[in-house]
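Q: My questions are about this predicted structure, shown below with the sequence.
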Amino acid sequence: MPDTSTSTTEVSEEGSVNYFILTIGILISFAIFSAQITVFVTFYRKRSLTLTTDYFIASLALADTLVSVICVPGWTLQMSFSQWPLPMFLCDAWIVCDYSFCTISVYTVLFISFERFL
């Protein structure tokens, strides 16, 4: 039986930019960064935050800040341009940072859970 289905997916042209994804990526990155700065300011102002959990939360905020500054903009670039527009060594560095920072964030949440359980 011959394949009679048609695909309506359009491939973006070379050099075209998806401004909707670009805008959403910038907004997400800014929102994450702003929230983490709030955590840092609170941690700095409240000297009574010296529990182990508080340091885990500060570590989580640092990991999430790095995600918002490095990982989300890299994803936004790749998705907006439908390809990686920067040199390939930056793509490799971005992938390493993306996996590393996200893994650190997940492990920090895991450690917070263990610490609260114990």
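A: Good, I have the coordinates. Numbers count the residues shown, from 1 in each chain.

Q: So for the worst-scoring helix or strand of the chain on mean pLDDT, what gets flagged as buried?
A: Within the chain, no helix or strand scores below helix 52-66, which has a mean of 90 by mean pLDDT, DSSP states H and E. By 16 or more other CB atoms under 10 Å, the buried positions in helix 52-66 come out as Phe56, Ile57, Ala58, Ser59, Leu60, Ala61, Leu62, Ala63, Asp64, Thr65, Leu66. For the C-beta atoms, the positions are set from N, CA and C on the backbone; glycine is no exception.

Q: now swap in stretch 94-110 and tell me
A: For stretch 94-110, the neighbour count (16+ other CB under 10 Å) marks Trp94, Cys97, Asp98, Phe101, Ile104, Ser105, Thr108 as buried.

Q: The fourth one against Val69, yeah?
A: Okay, so that is Phe101. No: taking contacts as CB atoms under 8 Å, Phe101 lies outside contact range of Val69: 9.3 Å.

Q: on that earlier part again, now for the least confident helix or strand of the chain, which elements pack on it?
A: In terms of contacts (3 or more CB pairs under 8 Å, 6 or more residues apart in numbering; DSSP states H and E), helix 52-66 is packed against helix 19-45, helix 88-117.

Q: mind putting the ones you listed in JSON lines, mean pLDDT and distance to Ser80 included?
A: Shown next, in JSON lines, are these (pLDDT from 0 to 100; distance: least, CB to CB, whole Å):
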{"stretch": "helix 19-45", "mean pLDDT": "93", "distance to Ser80": "4"}
{"stretch": "helix 88-117", "mean pLDDT": "94", "distance to Ser80": "14"}
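
Q: quick one: which of the ones you listed is nearest Met79?
A: With CB to CB as the criterion, Met79 lies closest to helix 19-45 of these, at 4.9 Å.

Q: Now the closest one: buried residues?
A: Quick answer for helix 19-45 (16+ other CB under 10 Å): Ile21, Gly25, Ser29, Ile32, Phe33, Gln36, Val39.
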